[in-house]
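1. here are the coordinates; sequence isn't available:
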């Protein structure tokens, strides 16, 4: 009887629930950094490297990929922080990688994160009172 209940209700529920995947991306951490942003490891002193939206970041070692991450774009959203309600709910931004976090001129607010976001990018997904780093969901575009 228990097996029949399992097959009738639980198994179909699990299959159905699997259709509603919240994210197809990866989970990591993000910090922030401020100016100066140049020179960068990707594009040197070229001012054209920065998107007009100022939504850009530096790649942590996990996504640096020997420089292949330069110019890649990622969708990023804040999923949690050590400070309650620091994430801005429902906001996903698209950033461009322009630098390497370990060698950037301006130091990250927290070392060893997956992505270091420009101040404007960080403030779009997390409250300014957020701790030095946040937990993010990110996906390459």
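-> Yep, it's here. Because the structure is predicted, anything quoted here is derived from the model rather than measured. Residues are numbered from 1 along each chain as shown.
2. in what helix or strand does the residue lying closest to residue 53 once chain neighbours are set aside lie?
-> Closest residue in space to residue 53, ignoring its immediate chain neighbours: residue 120 at 7.7 Å, by CB to CB, 6 or more residues apart in numbering. No exception for glycine: its C-beta is placed from N, CA and C like everyone else's. Using DSSP states H and E, residue 120 sits in helix 119-125.
3. and residue 31, by the same measure?
-> Residue 31 belongs to strand 26-33, assigned by DSSP H and E.
4. direction included, what does that strand pair up with?
-> Here strand 26-33 is paired, per DSSP bridges, with strand 115-118 (parallel), strand 134-140 (antiparallel).
5. compare these and report which one is nearest to residue 55.
-> Closest approach to residue 55 among those is made by strand 115-118 (7.0 Å; CB to CB).
6. what mean pLDDT does that closest one have?
-> Average pLDDT, strand 115-118: 97.
7. how many neighbours does residue 66 have?
-> Each residue near residue 66 was counted by other CB atoms under 10 Å, and the total is 7.
8. er, residue 121 I mean
-> 25.
9. show the contacting residues for the closest residue to it other than its chain neighbours.
-> Excluding its sequence neighbours, the residue lying closest to residue 121 (CB to CB, 6+ apart) is residue 55, at 4.6 Å. Each residue near residue 55 by CB atoms under 8 Å, 6 or more residues apart in numbering is listed here: 93, 94, 95, 96, 118, 120, 121, 124.
10. so what pLDDT did the last one get?
-> Right, residue 124. Reported pLDDT for residue 124: 96.
11. surely residue 36 meets residue 99?
-> No: counting by CB atoms under 8 Å, residue 36 sits too far from residue 99 to count as a contact (10.9 Å).
12. just list the residues touching residue 56, thanks.
-> 37, 49, 50, 95, 96, 97, 98, 117, 118, 121.
13. lowest-pLDDT helix or strand in the protein?
-> Lowest by mean pLDDT, DSSP states H and E among the helices and strands of the chain is helix 11-18, with a mean of 47.
14. returning to that earlier point: closest one to residue 31 among the strands paired with strand 26-33?
-> Here strand 115-118 is closest among those (CB to CB), at 4.9 Å.
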